[in-house]
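S.K.: please find the sequence and the predicted model below.
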Amino acid sequence: MPHNLLGKTCKLWNVTTGDRLKTLRADRPYEGMNITRVTGLTSVQIDPLKALGGVEKPKEKIK
């Protein structure tokens, strides 16, 4: 039985036992896109990219 179809996830439940079987989530539009060191954008523009799945990788230490 699907649940929370208007949200970001869909949870499937066993209606007999009440156990949750699985949680499904669709990929967001920018899922996994590396936005590290992006230029020309403000934080106001970057924050929505992160909310839509964009990621900033931590800076690596230079040896």
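M.R.: Great, that's in hand. As the structure is a computational prediction, the values presented were derived from the model and not from experiment.
S.K.: ok so residue 48 is a helix residue?
M.R.: Yes: assigned with DSSP: H, G, I helix; E, B strand; the rest coil, residue 48 falls within a helix.
S.K.: for residue 40, see how far away it is.
M.R.: Distance of residue 48 to residue 40, computed by C-beta to C-beta, to the nearest Å: 15 Å. Bear in mind the C-beta positions are built from the backbone N, C-alpha and C, glycine included.
S.K.: between these two, point out the one with more neighbours.
M.R.: Legend: neighbour count by other C-beta atoms under 10 Å for residue 48 and residue 40, higher for residue 48 (10 against 5).
S.K.: how far away is that one from residue 30?
M.R.: Using C-beta to C-beta, residue 48 is found at 9 Å from residue 30.
S.K.: neighbours of residue 50, how many?
M.R.: Residues within reach of residue 50, counting by other C-beta under 10 Å, total 15.
S.K.: same thing with residue 46?
M.R.: With other C-beta under 10 Å as criterion, residue 46 counts 14.
S.K.: going forward, the N-terminal residue is numbered 338.
M.R.: OK, 338 is where the count begins now, so the last one is residue 383.
S.K.: show me what contacts the residue lying closest to residue 370 once chain neighbours are set aside?
M.R.: Computed as C-beta to C-beta, 6 or more residues apart in numbering, the closest residue to residue 370 that is not its neighbour in sequence is residue 391, at 4.8 Å. Residues counted as contacts of residue 391 (C-beta atoms under 8 Å, 6 or more residues apart in numbering) are 367, 370, 371, 372, 383.
S.K.: now tell me which helix or strand of this protein has the poorest mean pLDDT.
M.R.: Ranked by mean pLDDT, DSSP states H and E, the weakest helix or strand in the chain is strand 339-340, scoring a mean of 44.
S.K.: elements contacting the helix or strand just after that strand?
M.R.: Downstream of strand 339-340, the first helix or strand assigned by DSSP states H and E is strand 347-350. In terms of contacts (3 or more C-beta pairs under 8 Å, 6 or more residues apart in numbering; DSSP states H and E), strand 347-350 is packed against strand 339-340, strand 357-361.
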